[in-house]
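In: A predicted structure for the sequence below; I have some questions about it.
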Amino acid sequence: MNKAEVNSFIQLYAQIEALYTEVSLLSKKNPIDVINKFKLRYINKTLEKANNILKDERKPFSDSAFFEEDNLPSNSDVTMILSQYLSCMEELRSANIEEGMRNEWFWLVNGKTTPIRTSPPRKLRR
């Protein structure tokens, strides 16, 4: 990944996490209620950006996985898809970070360690 891709990734990852948190709360209250069109537009835009960053080899689904406004998905449907995207985003992040000294983690840009800090991978690869 280059520096611009890392910066885009960081912002997008935060957006997907926030969407997942909000929709999963809705899903716990009313899993079969449909999500409204306003939220769905932003979810679809975010998933489109994620597909561009993940590329074909890391996308969770071979199709675009966008939701149709004519056939509104349930809260639980959206939660499931966002969860899959979070997992794939974490896989990409884990492949592009490296442990430094004192258990600190840093982004790799073009294969080289940068001063851009991040958290450890969710699944440590040892």
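Out: On my side now, so go ahead.
In: residue ranges with poor pLDDT in this structure?
Out: For the chain, the stretches flagged by pLDDT under 70 are 64-65, 124-126.
In: all helices for it, in order.
Out: In the chain, the helices defined using DSSP state H lie at 3-29, 37-58, 75-95.
In: pick the most deeply packed of the ones you listed.
Out: Each of the helices of the chain was scored by mean neighbour count; the highest is helix 75-95, a mean of 18, by mean count of other Cβ atoms under 10 Å. From N, CA and C alone the C-beta is placed, and that goes for glycine too.
In: kindly calculate the angle that that helix makes with helix 3-29.
Out: If you take axes from the mean of the first three to the mean of the last three Cα atoms, to 10 degrees, helix 75-95 sits at 150 degrees to helix 3-29.
In: and helix 75-95, what does it pack onto?
Out: helix 3-29, helix 37-58 (3 or more Cβ pairs under 8 Å, 6 or more residues apart in numbering; DSSP states H and E).
In: in JSON lines: the ones you listed, plus distance to residue 92.
Out: Output for those, formatted as JSON lines (distance: least, Cβ to Cβ, whole Å):
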{"stretch": "helix 3-29", "distance to residue 92": "7"}
{"stretch": "helix 37-58", "distance to residue 92": "5"}
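In: now for the helices of the chain, which one comes closest to residue 114?
Out: helix 3-29 (7.6 Å; Cβ to Cβ).
In: report the angle between the axes of that closest one and helix 37-58?
Out: Going by the same axes, to 10 degrees, helix 3-29 makes 130 degrees with helix 37-58.
In: pipe the helices of the chain into CSV and attach distance to residue 118 per row.
Out: Shown next, in CSV, are the helices of the chain (distance: least, Cβ to Cβ, whole Å):
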stretch, distance to residue 118
helix 3-29, 8
helix 37-58, 15
helix 75-95, 7
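In: list the contacts for the residue nearest to the spatial centre of the chain?
Out: Central residue of the chain (Cα atoms, centre = their mean): residue 86, 3.8 Å from the mean position. With contact set as Cβ atoms under 8 Å, 6 or more residues apart in numbering, residue 86 has these partners: 13, 16, 17, 20.
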